[in-house]
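Peer 1: no sequence on this one, just coordinates:
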């Protein structure tokens, strides 16, 4: 079981701490602060030629306005309603960037939109705007795509799994994803749809009280840091000096660092076992 209360989820978001929360609340327009200062950075603008916050200020302001209107309006009543709003908002951001002579694909737009929702969730209290997050998407990046391959794709029935090339997904940059549809393999909506299906039916880990599955949006609060932890562990275990055939040496500095890492891994493992 995974805690689904607001404070537990915010605590799981290791990139968000109380000082950052207070800093954002102090802003006159925290929607704009989230969009331009935090979600913008998660979009990895360094990989976009010619972009800067000044160049795309109009796009950021329009996105902030779209989010404000969304939260001031009625909450989405279905996946279809939210998907339509999300697609229109992402495409508007892409077009606004194009007007500023900046070219981005849907993968970049989904990241800034989805991460804006994640930061805004952290800024809300337990009950504020609760229904507006019910159908939000899971932000896609390299860690989530790797988790998707190792868990969601593997869970597909044999016929569907045979039609999916995991290597192709892992080689596809999240920033280059196209919108597509739920039936169009390797596209953004195909991935989101498969994640929804998996978490709703075959997911055995990301459930709250009474065996209720977490939504994709809420499950990501746990999935992202855990996938990052898993990949770091695998990378560490593949280091050559951990091989039993590696020549012995007496570098006390490296030995000390290894012991620190191993102790930290053991402590993390014990904490995670208590969540099962």
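Peer 2: Thanks, I have the structure now. Here the structure is a predicted model, which means the values were calculated and not measured.

Peer 1: just the helices in the stretch 51-200 of the chain please.
Peer 2: Assigned by DSSP state H, counting those that start in this stretch, the stretch 51-200 of the chain shows helices spanning 57-72, 79-99, 106-123, 142-147, 154-155, 158-162, 166-171, 188-197.

Peer 1: Residues contacting the second one, please?
Peer 2: What that stands for is helix 79-99. 51, 56, 58-59, 62-63, 66, 70, 76, 103-106, 109-110, 112-113, 134-137, 179, 189, 196 (CB atoms under 8 Å, 6 or more residues apart in numbering). All C-beta atoms are positioned from the backbone trio N, CA, C, and that covers glycine.

Peer 1: what do you get for stretch 202-218?
Peer 2: Against stretch 202-218 from outside (CB under 8 Å, 6+ apart): 1-4, 9, 117-118, 121, 133-138, 155, 192, 195-196, 199-200, 219, 222-223.

Peer 1: before we move on, what about stretch 158-174?
Peer 2: 107, 111, 140-142, 144-146, 148-149, 153-154, 156, 185-186.

Peer 1: The same query, at a cut-off of 6 Å, please.
Peer 2: Outside stretch 158-174, the residues that touch it by CB atoms under 6 Å, 6 or more residues apart in numbering are 107, 140, 141, 145, 149, 153.

Peer 1: could you dump these to JSON lines with pLDDT and neighbour count?
Peer 2: Converted to JSON lines, those look like this (pLDDT from 0 to 100; neighbours: other CB atoms under 10 Å):
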{"residue": "107", "pLDDT": "98", "neighbour count": "20"}
{"residue": "140", "pLDDT": "98", "neighbour count": "21"}
{"residue": "141", "pLDDT": "97", "neighbour count": "21"}
{"residue": "145", "pLDDT": "95", "neighbour count": "20"}
{"residue": "149", "pLDDT": "92", "neighbour count": "17"}
{"residue": "153", "pLDDT": "89", "neighbour count": "17"}
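
Peer 1: Geometrically speaking, which residue is the centre of this structure?
Peer 2: residue 139 (3.6 Å; CA atoms, centre = their mean).

Peer 1: if I read this right, it contacts residue 112, doesn't it?
Peer 2: No. Between residue 139 and residue 112 there is no contact, the gap being 9.3 Å when judged by CB atoms under 6 Å.
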